[in-house]
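Asks: I'd like to go over a predicted model; first the sequence, then the structure.
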Amino acid sequence: MSAPTVDAAINDLLDWAWHAVYKLLAAKGLLGEGLDVGEYTGMSSWVEGPTRYTVVHSMAVAILFIDTDPVDAITFHRDLLGSEDPKTFFDTVTTARQGL
């Protein structure tokens, strides 16, 4: 069995939660370019204690998932890439985690 590709992981995560992702992007006013799953170009994922954080991004938007729930979205900017703690770029990490 081979490891999944980044593309496959992005597709699985976004396809699984697409309705919630769409609602989140709409609520944040981020619908438009970068909406199609195929437009997403990168992903980073890490674990802190029992929680998995994943950031999936296109050239236009970045979405933060806690475990498998999309909790926040922002306009993508290059500072996210290589950041030691990408979740700090998102406003609702603490609030979203409390609501899960």
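Replies: Yep, it's here.

Asks: show me where this protein has strands.
Replies: 42-48, 51-57, 61-66, 69-75 (DSSP state E).

Asks: For the shortest one, list the C-alpha coordinates in CSV.
Replies: So that's strand 61-66. Presented in CSV, the C-alpha positions along strand 61-66 are these (Å, rounded to 0.1, in the frame of the first residue of the first chain):
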residue,chain,number,x,y,z
VAL,A,61,-8.0,31.2,0.2
ALA,A,62,-6.8,29.1,3.1
ILE,A,63,-9.0,26.9,5.2
LEU,A,64,-8.2,25.6,8.7
PHE,A,65,-9.6,22.2,9.7
ILE,A,66,-9.6,21.0,13.3
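
Asks: strand partners of that strand, parallel vs antiparallel please.
Replies: Note on strand 61-66: by DSSP bridges, its sheet partners are strand 51-57 (antiparallel), strand 69-75 (antiparallel).

Asks: how about these, which one is nearest residue 13?
Replies: Of all the strands paired with strand 61-66, strand 51-57 sits nearest to residue 13, with 6.3 Å by CB to CB. (Each C-beta comes from the backbone N, C-alpha and C, glycine too.)

Asks: want to throw the strands of the chain into CSV with mean neighbour count?
Replies: Below are these laid out as CSV (neighbours: other CB atoms under 10 Å):
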stretch, mean neighbour count
strand 42-48, 13
strand 51-57, 20
strand 61-66, 24
strand 69-75, 19
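
Asks: looking at the ones you listed, which is closest to residue 19?
Replies: strand 69-75 (9.8 Å).

Asks: Identify the bridge partners of the most centrally placed residue in the chain.
Replies: In the chain, the centroid-proximal residue (CA atoms, centre = their mean) is residue 63; its distance is 2.8 Å. Counting by DSSP bridges, residue 63 is bridged to residue 56, residue 73.

Asks: surely it meets residue 75?
Replies: No - assessed by CB atoms under 8 Å, residue 63 is found out of contact with residue 75, at 11.2 Å.

Asks: so what's the residue nearest to the centre of the chain up against?
Replies: Contacts for residue 63 were tallied using CB atoms under 8 Å, 6 or more residues apart in numbering; they are 21, 24, 25, 55, 56, 57, 70, 72, 73.
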